[in-house]
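> sequence and computational prediction follow.
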Amino acid sequence: MSWRWLSIAVAAVVGGATPAHASAEVVELRYAAPASCPTLGAIESAILERTANVRFGAPARRVFVITIQETADGFRGTLEIDERSEAAGGGDPAGSAGGAGGSAPRGNDERSEAAGGGDPAGSAGGAGGSAPRGIDTAADKELAAQRCEDLANAFALVTALAIDPTASILPRPRTEPPPSLPAAAVEADLDAMIDAGVGPAAMFAAVVEARVPWRGDYRLELAAIAGRDTKGVDGGEARFTWLAVRPAACRRWTWPAIAPGMEIDGCGSAELGAVHASGAQIVNQRDLTRLWLAIGAHGRVGLPLYQNIFAQLQLGASVPLVRDRYLFAPNVAIHETPLVTGWLVL
């Protein structure tokens, strides 16, 4: 399409433009064109790229009718703006052409009649018919171009300026929202644990775990552990309380084709906390709190039960870096931290 056509289109609309609306105007857009031309949705998008002060819907006070036809030289089209009168004496707001009850945009014959000095509002034709609808003849435009896409874009610009004189001549660049980071899927568990080695007997503990994705198939895991164990010796009682956190880095494997939903994690971990030991019903009762520091590894198998509910099994072993010996005075041994501790989580 030549720039001459575009300049004429812009000048014609700006010369007869209506005042800008404070809020978005609702207009009806009708469009007829060969199949090779842009669609109605493409025309609406091109208009919205130039002004945000418009919404498309029906019925509306103004109807914009774009008609494009193929010619020997390319494509030729018209834009007609129908200003519907709201005070048409109670008649059909869309008007009635020829009294036949159906309405249609004016054709080239009516445009020639208006240009030749006839009735500028057009003629309804039928005798005794209701007052014709008002048509903005000054805004009717006829354009041509070799390519239908160029012609459709020109009509989009003309329409946008007719709706909003402050519309942009060039499409406004689309501001893409910044890409949002995928939300980390936090996995949280409340589990029961049995540990062998922290205390003198099997220690039952409660575990709260959380895992988050990290670099593809890797996971970061953090567990909080609280356990208690009691052992009776020679009429006395030794009580052990264990509080610790276990951070871990894990690698996850899945086999959707073999076991859909099953998860297998292999983790390396560290344990940091304290062991509190106290005696009861003994002479010279004394409480001790010792540092608990260990490194270890564990594996986890998870199977889905329902939606986000999993059944899991964890097996792990830890190597204490600080080992202590607990006894009742003078020399009644209660417990000595082993070289390796083991645990099971259900």
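Now that the structure is in, tell me what you want to look at.
> remind me which residues of the stretch 201-346 of the chain are low pLDDT?
282-284, 307-308, 327-330 (pLDDT under 70).
> show me where it has strands.
Remark: strands assigned in the stretch 201-346 of the chain by DSSP state E, counting those that start in this stretch are 203-214, 218-233, 236-255, 259-280, 287-306, 309-320, 325-328, 332-336, 341-345.
> give me whichever of those strands is most buried.
When those are scored by mean count of other Cβ atoms under 10 Å, the highest mean neighbour count falls to strand 341-345 (a mean of 20). C-beta coordinates here come from the backbone N, C-alpha and C atoms, glycine included.
> mind listing what that strand pairs with, with the direction of each?
Paired neighbours of strand 341-345 in the sheet (DSSP bridges): strand 187-196 (antiparallel), strand 309-320 (antiparallel).
> give me the angle between the shortest one and strand 259-280.
Same thing as strand 187-196. With axes from the mean of the first three to the mean of the last three Cα atoms, to 10 degrees as the basis, strand 187-196 and strand 259-280 are set at 50 degrees to each other.
> average pLDDT for strand 187-196?
Averaging pLDDT along strand 187-196 gives 90.
> that older thread, can I get the strands of the stretch 201-346 of the chain in CSV including distance to residue 62?
Converted to CSV, the strands of the stretch 201-346 of the chain look like this (distance: least, Cβ to Cβ, whole Å):
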stretch, distance to residue 62
strand 203-214, 53
strand 218-233, 59
strand 236-255, 59
strand 259-280, 57
strand 287-306, 56
strand 309-320, 57
strand 325-328, 90
strand 332-336, 89
strand 341-345, 70
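> which among those is found nearest to residue 54?
Checking the strands of the stretch 201-346 of the chain against residue 54 by Cβ to Cβ gives strand 203-214 as the closest, at 43.9 Å.
> ok, that closest one: who's next to it in the sheet?
strand 187-196 (antiparallel), strand 218-233 (antiparallel).
> then that strand to PDB, C-alphas only?
C-alpha atoms of strand 203-214 as PDB (Å, rounded to 0.1, in the frame of the first residue of the first chain):
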ATOM      1  CA  MET A 203      14.300 -43.900  70.100                       C
ATOM      2  CA  PHE A 204      10.900 -42.800  68.700                       C
ATOM      3  CA  ALA A 205      10.900 -39.400  67.200                       C
ATOM      4  CA  ALA A 206       8.600 -37.100  65.200                       C
ATOM      5  CA  VAL A 207      10.000 -35.600  62.000                       C
ATOM      6  CA  VAL A 208       8.800 -32.600  60.000                       C
ATOM      7  CA  GLU A 209      10.400 -32.500  56.500                       C
ATOM      8  CA  ALA A 210      10.300 -30.000  53.600                       C
ATOM      9  CA  ARG A 211      11.700 -30.400  50.100                       C
ATOM     10  CA  VAL A 212      12.000 -27.900  47.200                       C
ATOM     11  CA  PRO A 213      13.200 -28.500  43.600                       C
ATOM     12  CA  TRP A 214      16.700 -27.400  42.800                       C
END
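> turn the strands paired with strand 341-345 into a markdown table, including distance to residue 279.
Shown next, in a markdown table, are the strands paired with strand 341-345 (distance: least, Cβ to Cβ, whole Å):
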| stretch | distance to residue 279 |
| --- | --- |
| strand 187-196 | 21 |
| strand 309-320 | 22 |
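> residue 280: which of those strands is closest?
Taking the strands paired with strand 341-345 one by one with Cβ to Cβ, strand 187-196 is closest: 21.7 Å.
> only C-alpha atoms, please: export that closest one in CSV.
The C-alpha trace of strand 187-196 is given here as CSV (Å, rounded to 0.1, in the frame of the first residue of the first chain):
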residue,chain,number,x,y,z
GLU,A,187,6.8,-30.9,49.5
ALA,A,188,6.1,-31.2,53.2
ASP,A,189,5.9,-34.4,55.4
LEU,A,190,5.0,-35.2,59.0
ASP,A,191,6.6,-38.5,59.7
ALA,A,192,7.3,-41.0,62.5
MET,A,193,10.9,-42.1,63.0
ILE,A,194,12.8,-44.8,64.8
ASP,A,195,16.5,-44.2,65.5
ALA,A,196,19.1,-46.6,66.9
